[in-house]
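Asks: With the sequence up front, the predicted model follows.
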Amino acid sequence: MMTDSIQQESTGAETQEHEQEEDRLSKLPDDVLIYILVKIKPIREAVRNCIPSKRWRHLAGFRSSIVLDVIHFQPAVASSNYTLEELVRSNVRVVEATKSILAHKSQITIRYLGIRFYLRDESIDIVRSVDKAMENREILKAEFILIPERLHVYCTDDDMINYGRRFKTFIDTCPRAFGALTDLSLHSIRLDKSDFYNVLSTCKKLEYLSLRNCDAGNRSELQIEHSQLAELAIVSCAFERVELKWLPRLTHLTCRNWLLLRDKYPLSFGHVPEFWALVLSLPGTILHKSLVLSEFLLEFWALLL
């Protein structure tokens, strides 16, 4: 009993000392507190510092560079049996952090806003927070990385369809937020071809697009037209063919783990006058068309002549 009493007194003293220290920090001018937060590189640490004090809480939103990554909100010790409950908890933390940071009325320009989150129902509040923030703040560069709850090797057709529907709800609900994106990464999503066109037309500022394990249905073909897109990555996708129809600013293209068909190549080059960098990694068997690079690029070179 005596030991418990001593421990309680010790804990109480430590708590009082922490509160006094926090109170001293809270008395500092706003510009000093903002400087301290700017120097805290991981945004989650800034969020933690803002939670205890009401006066601190709004200051994280004054950062001109905001990065929120669901990976940083997961348990510090990696576990092979990472549970769905832990995944949901980490995603909810990202949602709450985004809402907290972007909620205030600061008019400071956000030079970079990057958020990686799971494509779950609660994540719509992340998109809504970004959409709402755009009423008061200019966002120069914004990036969304949407990842599935399951690794792509375990995603079924039903999973991809459900992720696609959820993503479509996000973009239909907050087109302004997606219209501000310069970078977008999608994982394990199946959309109709018309929905892909809607994504490209809504994300007018898009400069970088990454599609991983995505498709538009069985043996689907996709045409891509976009005035700003400069980099495109297609990885482990099931498109039968992608036509780069009109991409006047495209410079870089990466294609990995994309099976060739028996009788034709999966890519077609249209108007790509700035294109100069190509990364190809295409596995295949004797049943697939052999890749002859000069033949593959023939139509592209013809466009330059």
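Replies: Thanks, I have the structure now. All figures in this text were calculated on a predicted structure; none of them were measured in a lab.
Asks: what about the stretch 1-150 of the chain, any weak spots by pLDDT?
Replies: Across the stretch 1-150 of the chain, the ranges flagged by pLDDT under 70 are 1-62, 76-81.
Asks: can we see that at 90?
Replies: Within the stretch 1-150 of the chain, the ranges that satisfy pLDDT under 90 run 1-65, 72-84, 100-101, 103-108, 135-137.
Asks: cool, the stretch 201-305 of the chain as well?
Replies: Looking at the stretch 201-305 of the chain by pLDDT under 90, you get 217-221, 238-241, 257-269, 278, 280-305.
Asks: list the contacts for residue 199?
Replies: Residue 199 sits next to 171, 178, 184, 191 when contact means CB atoms under 8 Å, 6 or more residues apart in numbering. In this view, the C-beta of every residue, glycine as well, is placed from N, C-alpha and C.
Asks: Show the pLDDT at it.
Replies: You'll see residue 199 listed with a pLDDT of 97.
Asks: picking up where we left off before, buried subset of the contacts of residue 199?
Replies: Using 16 or more other CB atoms under 10 Å as the burial test, those include 171, 178, 184, 191 as buried.
Asks: How much space separates the first one from residue 225?
Replies: Distance check for residue 171 against residue 225: by CB to CB, to the nearest Å, it reads 18 Å.
Asks: Equivalent analysis for the last one, please.
Replies: According to CB to CB, residue 191 stands 16 Å off from residue 225.
Asks: which residues in the chain form helices?
Replies: In the chain, the segments counted as helices under DSSP state H are 2-26, 30-39, 43-50, 54-57, 84-102, 124-133, 157-173, 175-179, 193-202, 293-296, 298-304.
Asks: The nearest residue to residue 115 once chain neighbours are set aside: neighbouring residues, count only.
Replies: What sits nearest to residue 115 in space, not counting adjacent residues and going by CB to CB, 6 or more residues apart in numbering, is residue 68, at 4.8 Å. For residue 68, the neighbour count with other CB atoms under 10 Å is 23.
Asks: Contact partners for residue 68?
Replies: With CB under 8 Å, 6+ apart, residue 68 has these contacts: 43-44, 94, 97-98, 101, 114-117.
Asks: Including neighbour count and distance to residue 108, could those residues go into CSV?
Replies: Output for these, formatted as CSV (neighbours: other CB atoms under 10 Å; distance: CB to CB, whole Å):
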residue, neighbour count, distance to residue 108
43, 21, 15
44, 17, 20
94, 25, 22
97, 26, 18
98, 25, 17
101, 26, 12
114, 16, 17
115, 23, 18
116, 17, 23
117, 22, 23
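Asks: and the two most separated of those?
Replies: 101 and 116 (14.9 Å; CB to CB).
Asks: Quick one: end-to-end length of stretch 95-111, please.
Replies: 20 Å (CA to CA, to the nearest Å).
Asks: now swap in stretch 251-266 and tell me
Replies: 19 Å.
Asks: buried set for stretch 220-237?
Replies: In stretch 220-237, counting by 16+ other CB under 10 Å, buried: 220, 222-226, 229-237.
Asks: of all the contacts of residue 68, which comes closest to residue 272?
Replies: Residue 272 has its nearest neighbour among the contacts of residue 68 in residue 114, at 27.2 Å by CB to CB.
Asks: The closest one and residue 222: what is the separation?
Replies: Counting by CB to CB - residue 114 and residue 222 are separated by 26 Å.
Asks: ditto for residue 160
Replies: For residue 160, the distance to residue 222 equals 15 Å [CB to CB].
Asks: ok now do the spatially closest residue to residue 271 that is not a sequence neighbour, which residues does it touch?
Replies: Counting by CB to CB, 6+ apart, residue 246 is the residue found nearest to residue 271 once chain neighbours are left out, at 4.7 Å. Neighbouring residues of residue 246 by CB under 8 Å, 6+ apart: 225-226, 270-271.
Asks: Can I get those in CSV including distance to residue 108?
Replies: Supplementary listing: those in CSV, determined by distance: CB to CB, whole Å:
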residue, distance to residue 108
225, 35
226, 30
270, 41
271, 39
